[in-house]
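Q: here is a sequence together with a model predicted from it:
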Amino acid sequence: MSQVNALNHVKEHSCVVGSIDSEGYFSLASRPFFHPTAAEASKECQRLALAHPGKAFVAMYLAGGSITSTLVNF
């Protein structure tokens, strides 16, 4: 996946699923799957929680970001 493709998912406000470790740190896969809706991401959280008892999974909404060369907000 290219940077442009990933940034398009941010512009579309896609969701990703991450985990939270026992010390409260968030973690994402280096190549996360982009879910088009929060409902689909939440469903994936449930699936992963069942597969990995005791591990916390959360859906994260991509609200926006910035990139420089010329400052662009999305």
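A: The structure has been received and is ready for your questions.

Q: where does the prediction get shaky in the protein?
A: Residues of the chain meeting the criterion pLDDT under 70: 70-74.

Q: tell me the centre residue of it?
A: Taking CA atoms, centre = their mean, the centroid of the chain lies closest to V16, which sits 2.2 Å from it.

Q: leaving aside the residues adjacent along the chain, what's closest to that residue?
A: Leaving aside its sequence neighbours, V16 sits nearest to P32 (CB to CB, 6 or more residues apart in numbering; 4.2 Å). Any C-beta I mention is one placed from the backbone N, CA and C, and that applies to glycine too.

Q: the one you found: neighbour count?
A: Neighbours of P32 under the rule other CB atoms under 10 Å: 17.

Q: next up, the contacts around it.
A: Contacts for P32 (CB atoms under 8 Å, 6 or more residues apart in numbering) come out as V16, V17, G18.

Q: same question for L62.
A: H9, V10, H13, S14, C15, V16, F34.

Q: most neighbours among these, which one?
A: The most crowded member of the contacts of L62, judged by other CB under 10 Å, is C15 (24 neighbours).

Q: OK, contacts around it?
A: F34, H35, P36, T37, A38, E40, A41, A59, M60, Y61, L62.

Q: repeat the analysis, applying 10 Å as the threshold.
A: 9, 32-42, 44-45, 58-62 (CB atoms under 10 Å, 6 or more residues apart in numbering).

Q: what do you get for T68?
A: Applying CB under 10 Å, 6+ apart, no residues qualify as near T68.

Q: and the longest helix belonging to the chain, what does it pack against?
A: Across the chain, the longest stretch assigned as helix under DSSP state H is helix 38-51. Secondary-structure packing of helix 38-51 (3 or more CB pairs under 10 Å, 6 or more residues apart in numbering; DSSP states H and E): strand 15-20, strand 56-61.

Q: which residues are in contact with the closest residue to K55 other than its chain neighbours?
A: Counting by CB to CB, 6+ apart, S19 is the residue found nearest to K55 once chain neighbours are left out, at 5.9 Å. For S19, the contacting residues are 25-29, 45, 48-49, 52, 55-58, by CB under 10 Å, 6+ apart.

Q: rerun that using 7 Å as the cut-off
A: Residues near S19 by CB atoms under 7 Å, 6 or more residues apart in numbering: S27, K55, A56, F57.
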